[in-house]
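Visitor: Mind folding the following:
(one chain, ligands or ions: 2)
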Amino acid sequence: MVKPTVAIVGRPNVGKSTIFNRVVGERISIVEDTSGVTRDRIYADAEWLGKEFALIDTGGITLEDEPLNVEIRQQAQIAIEEADVIIMMTSVREGVTYEDQQVAPILFKSGKPVILAVNKADNPELRSDVYEFYSLGLGDPYPISGSHGLGLGDVLDEVIKHFPEDSESDYDESTIKFSVIGRPNVGKSSLVNAIIGEERVIVSNIAGTTREAVDTHFQTQEGRDFVVIDTAGMRKKGKVYESTEKYSVLRALRAVDRSDVVLCVINAEEGIREQDKRVFGYAHEAGKGIILVVNKWDTIEKETNTLKEFELDVRDNFQYLSYAPIVFVSALTKKRLHLLPERIEEVFMNRNLRIQSSILNDVVMDAVATNPTPTDKGRRLKIYYTTQVSVSPPTFVIFVNDPDLLHFSYARFLENRFRDTFNFSGTPIRIIPRKRK
Ligand code: GDP
Ligand code: GDP
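Guide: Ligands and ions are numbered 1, 2, ... in the order given. Just a heads-up that it's a prediction; the model follows:
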């Protein structure tokens, strides 16, 4: 399933990020916090009336040194490229501005559905002022108030009406989709070029949808189908905004969403940087298969413990990715590159692993026997039954007497027991406690 995408466009201060946060809601987890994913977010999952979509705040993609009207036009361009539905935001307090007049026709000409939201309509008087926004030629203006949470439902009702009918997955289920993410210059394009080097057959580069057109579909000699998601986004650096950090992060997050497995690339030469953590954290949160790839290993002077030490450093910096295998490669010398497709396939399989309930419950019983369940204020956690409810990523529901009694540390313990027993290497797993009825 490819989720539809909605982008918010508008000049600064109309309330885009206020609305973004309201729609997305605050679903902060510990990992998200440590990896900084939630800090000035511009891309997140959202849902309205059971319909899931991805939401982009293009206002967060700032282009330094560009005059405001250039910047806004480029944000509109990004929205047109990335989104299925666009929300153009304005503010009733300032009325129709020059920038609004510049952006509206660009959006209109794109042919994409555009919903015109007029924010800061905090009271009935202001709401009646929205009529002047008809002059933008984008149809009915929707009065909303981000700070009061008014009118947003009407906008979202309209947004979901315009979602594409058929947002089926673009590839066969057995085709392994992976993406390669990491900071600029870590060697992403070099890696991809090397992986899909001479010995592999490119199946096709031309496909039906714009999304497929930026991917590279290839087959290994063993006949396994792979797709590198958004190969184009990784390579092209033509338009101004394509070289901005926020935009490349956005592209990476979108590629992650469409992938089964994500290669998180670290540059051995430069070591680990803060910036690495954000996108990797997102891949983890999204439940994707993950392989940590340390590239440019050829540049390192090796002594007895160099690899071990680097590995410890990676583990220390990415504690929440303790399940991810680490592969040391060189796109330049091609050293150990041949391992990658195999590894990707293995992680893909692990992420799709299904465990029989009977075996699962044996493992849980053994676990409880060696490490009794925790108590809280005299009450002990009771585990009745465990079952795997889904794959990709493997997700387990544990029926208990009281979900609050399953503390993080005990869930962690159970996770580790699952990992010791089954091969979940490279895949996050989720454990959800549920009260037995
Ligand atoms: P952005 O630059 O478009 O992302 O705008 P922000 O979301 O940062 O909001 C800019 C300012 O407008 C902030 O001070 C918000 O508190 C304020 N604001 C946002 N929505 C409303 C609203 O509905 N009414 C009023 N009065 N102020 C709002
Ligand atoms: P991207 O921006 O992440 O796609 O990085 P590129 O693939 O464009 O590589 C950036 C630079 O690093 C280029 O000059 C590459 O030739 C170089 N490079 C990539 N992989 C390796 C490697 O394994 N070893 C060395 N020494 N250089 C590499």
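Visitor: List the contacts of the residue nearest to Asn352 when sequence neighbours are not counted.
Guide: Beyond its immediate neighbours in the sequence, the residue positioned closest to Asn352 (CB to CB, 6 or more residues apart in numbering) is Val391, lying 4.8 Å away. Quick note: C-beta positions are derived from backbone N, CA and C, even for glycine. Val391 makes contact with 351-354, according to CB atoms under 8 Å, 6 or more residues apart in numbering.
Visitor: Same check on Arg436?
Guide: Applying CB under 8 Å, 6+ apart, one finds that Arg436 lies in contact with 384-385, 399-401.
Visitor: try 10 Å
Guide: By CB atoms under 10 Å, 6 or more residues apart in numbering, the contact list for Arg436 reads 382-385, 398-403.
Visitor: how close does it get to ligand 1?
Guide: Spatial separation of Arg436 from ligand 1 under the definition CB to the nearest ligand atom, to the nearest Å is 43 Å.
Visitor: cool, Arg434 as well?
Guide: For Arg434, the distance to ligand 1 equals 37 Å [CB to the nearest ligand atom].
Visitor: can you confirm that residue is in a strand?
Guide: Yes: counting by DSSP: H, G, I helix; E, B strand; the rest coil, Arg434 is found in a strand.
Visitor: returning to what we had before: looking at the contacts of Arg436, which is nearest ligand 2?
Guide: The closest of the contacts of Arg436 to ligand 2 turns out to be Ile398 (CB to the nearest ligand atom; 40.8 Å).
Visitor: helices or strands up against the helix or strand harbouring that closest one?
Guide: Using DSSP states H and E, Ile398 sits within strand 395-400. The helices and strands touching strand 395-400, judged by 3 or more CB pairs under 10 Å, 6 or more residues apart in numbering; DSSP states H and E, are helix 357-370, strand 383-390, helix 408-421, strand 430-435.
Visitor: Now the last one: buried residues?
Guide: In terms of neighbour count (16 or more other CB atoms under 10 Å), strand 430-435 has its buried residues at 431, 433.
Visitor: Paired strands for it, with orientation please.
Guide: Sheet partners assigned to strand 430-435 using DSSP bridges are listed as strand 395-400 (parallel).
Visitor: how far is the partner strand from where the chain is centred?
Guide: 25 Å (CA atoms, centre = their mean, to the nearest Å).
Visitor: Next, the angle helix 408-421 makes with that strand.
Guide: 130 degrees (axes from the mean of the first three to the mean of the last three CA atoms, to 10 degrees).
Visitor: what residues does strand 395-400 touch?
Guide: Where contact means CB under 10 Å, 6+ apart, the residues beyond strand 395-400 that reach it are 287, 355, 357, 360, 364, 373, 381-390, 406, 411, 414-415, 418, 428-437.
Visitor: Following the record's annotation, map out the domains of this protein.
Guide: For the chain, the domain assignment from the TED database gives the residue ranges 5-162, 176-352, 357-435.
Visitor: Which parts of the stretch 1-150 of the chain are strands?
Guide: Per DSSP state E, counting those that start in this stretch, the stretch 1-150 of the chain has strands spanning 5-9, 43-48, 51-57, 85-91, 114-119, 141-143. These are given in chain order.
Visitor: So what sits opposite the closest residue to Phe178 other than its chain neighbours in the bridge?
Guide: Of all residues not flanking Phe178 in the chain, Val261 sits nearest, at 4.3 Å (CB to CB, 6+ apart). On DSSP bridges, the residues paired with Val261 through beta bridges are Phe178, Gly289.
Visitor: From here on, call the first residue 548.
Guide: Yes, from this point I'll number from 548; that puts the last item at Val808.
Visitor: Tell me if I'm right that Val808 and Pro940 touch.
Guide: No: using CB atoms under 10 Å, Val808 makes no contact with Pro940, being 11.2 Å away.
Visitor: circling back: would you reformat the helices and strands packed on strand 942-947 as JSON lines and include mean pLDDT and distance to ligand 2?
Guide: JSON lines is the format used below for the helices and strands packed on strand 942-947 (pLDDT from 0 to 100; distance: least, CB to the nearest ligand atom, whole Å):
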{"stretch": "helix 904-917", "mean pLDDT": "96", "distance to ligand 2": "40"}
{"stretch": "strand 930-937", "mean pLDDT": "96", "distance to ligand 2": "33"}
{"stretch": "helix 955-968", "mean pLDDT": "96", "distance to ligand 2": "30"}
{"stretch": "strand 977-982", "mean pLDDT": "95", "distance to ligand 2": "30"}
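Visitor: buried ones in stretch 863-879?
Guide: Going by neighbour count (16+ other CB under 10 Å), the buried part of stretch 863-879 is 864-865, 867-868, 870-878.
Visitor: interface residues of the chain facing ligand 1?
Guide: Proximity of the chain to ligand 1 (CB under 6 Å from any ligand atom) is limited to residues 557, 559-565, 606, 666-667, 669, 692-694.
Visitor: Quickly check the residues you listed for the two that are furthest apart.
Guide: Spatially, the most separated pair among those is Gly606 and Asp669, at 20.4 Å (CB to CB).
Visitor: Among those two, which residue is more densely surrounded?
Guide: Gly606 (23 against 17; other CB atoms under 10 Å).
Visitor: if we can go back for a sec, ok, and of the buried residues of stretch 863-879, which contact ligand 2?
Guide: Near ligand 2, taking CB under 6 Å from any ligand atom as the test, the members of those found are 877-878.
Visitor: and which of the buried residues of stretch 863-879 is nearest to Ile743?
Guide: Using CB to CB, the shortest approach to Ile743 within those belongs to Ala878, at 11.9 Å.
Visitor: So the closest one sits against Thr846, correct?
Guide: No: with contacts defined as CB under 10 Å, Ala878 does not count as touching Thr846, sitting 11.3 Å away.
Visitor: Excluding chain neighbours, what is closest to Arg558?
Guide: For Arg558, the nearest residue in space outside its immediate sequence neighbours is Glu646; the separation is 4.5 Å by CB to CB, 6+ apart.
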